[in-house]
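Enquirer: Can you look at this prediction? I've put the sequence above it.
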Amino acid sequence: MASLNQALINGFSALSLFETDVNLAKLKSMPELEQIHQGLLKGVYPCKYSEHARQFDFWIGEWGVKSATGQQAGSSSIQRILGECVIYENWTSAPPQNYAGKSFNLVNATTGKWMQTWVDDKGAVIEFIDGEYKDNKLVFITKPDANNQITRLTFFNMEPNLVRQLFEVTTDNGKTWATTTDLYYNRISK
């Protein structure tokens, strides 16, 4: 057990070898081995076991999306990918619009803040940064563009089957904000 603990401390990450090793199979009833297994899982899948990386899980699921006035806006499928570190959105607008996009959301390992990269079928890319989850909402911003416009993107965790997504812009460094898009995600399934 001491050797296994030391291997884990030194960065051992061969989960499949650990789980299939014949010699270790004989020790599976030992609680110490399960503790090492859990430590190995946390090292291999750090986002799965990180409370911070799970803050945006309220958005995961299948959604029908409506505008603030109740008009059908589109649908969105949200899931975890890449070792559960990335929340991946697949958006399709409602007819007659012809628009689709995807977003990739994660806690940036360097900054410790949430970020989102949005790409669409028109070639647009938007980088949202400095995301923080507080008071049941996750708030992102963009860097100022050439016109000094900053976009704020807020996801409100309203209830288990309802998420509000609000886009706002400012050109006066946040003194005033104007709403550009206000959407309500209604859960179809989880």
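Expert: In hand now; what should we look at? Here the structure is a predicted model, which means the values were calculated and not measured.

Enquirer: show me the contacts for residue 87.
Expert: Listed by Cβ atoms under 8 Å, 6 or more residues apart in numbering, the contact set of residue 87 reads 56-57, 59-60, 78-81, 104-106. No exception for glycine: its C-beta is placed from N, CA and C like everyone else's.

Enquirer: Please indicate which of those are buried?
Expert: Among these, those classed as buried by 16 or more other Cβ atoms under 10 Å are 56, 59-60, 78, 80, 105-106.

Enquirer: ok, which stretches of this structure are helices?
Expert: With helices called from DSSP state H, the chain shows them at 2-9, 15-20, 22-25, 31-44.

Enquirer: Tell me what the residue nearest in space to the middle of the chain is bridged to.
Expert: A centroid search over the chain (Cα atoms, centre = their mean) returns residue 87, at 3.4 Å, as the residue closest to the centre. Counting by DSSP bridges, residue 87 is bridged to residue 80, residue 105.

Enquirer: Kindly provide the distance from it to residue 5.
Expert: With distances taken as Cβ to Cβ, to the nearest Å, residue 87 is found 33 Å from residue 5.

Enquirer: likewise residue 46?
Expert: 19 Å.

Enquirer: thinking again about what came up before, just the helices of the chain: most buried one?
Expert: helix 31-44 (a mean of 14; mean count of other Cβ atoms under 10 Å).

Enquirer: For that one, what is the distance to the chain centroid?
Expert: 25 Å (Cα atoms, centre = their mean, to the nearest Å).

Enquirer: quick check: mean pLDDT across it?
Expert: For helix 31-44, the mean pLDDT works out to 80.

Enquirer: now stretch 95-109
Expert: Stretch 95-109 comes out at a mean pLDDT of 95.

Enquirer: what's the span of that stretch, first residue to last?
Expert: Start and end residues of stretch 95-109 are separated by 38 Å (Cα to Cα, to the nearest Å).

Enquirer: Any idea how many residues pack against residue 167?
Expert: Neighbour count for residue 167, taken as other Cβ atoms under 10 Å: 16.

Enquirer: List of residues touching the lengthiest strand in the chain?
Expert: Criterion DSSP state E: the longest strand present in the chain is strand 178-189. Residues from elsewhere that reach strand 178-189 (Cβ under 8 Å, 6+ apart): 59, 61-68, 73, 75-76, 151, 160-170.

Enquirer: give me that answer again for 6 Å
Expert: Applying Cβ atoms under 6 Å, 6 or more residues apart in numbering, the contact partners of strand 178-189 are 61-66, 68, 73, 161, 163-169.

Enquirer: Any quick ChimeraX command for the buried ones out of those residues?
Expert: Here is the ChimeraX command that selects the buried residues among those (16+ other Cβ under 10 Å):
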select :61,63,65,66,73,163,165,166,167,168,169
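
Enquirer: shaky segments in this protein?
Expert: The model of the chain has pLDDT under 70 over residues 189-190.

Enquirer: can you pull up the bridge partners for the residue lying closest to residue 120 once chain neighbours are set aside?
Expert: Among residues not flanking residue 120 along the chain, residue 101 sits closest, at 3.5 Å (Cβ to Cβ, 6 or more residues apart in numbering). Beta-bridge partners recorded for residue 101 (DSSP bridges): residue 91, residue 120.
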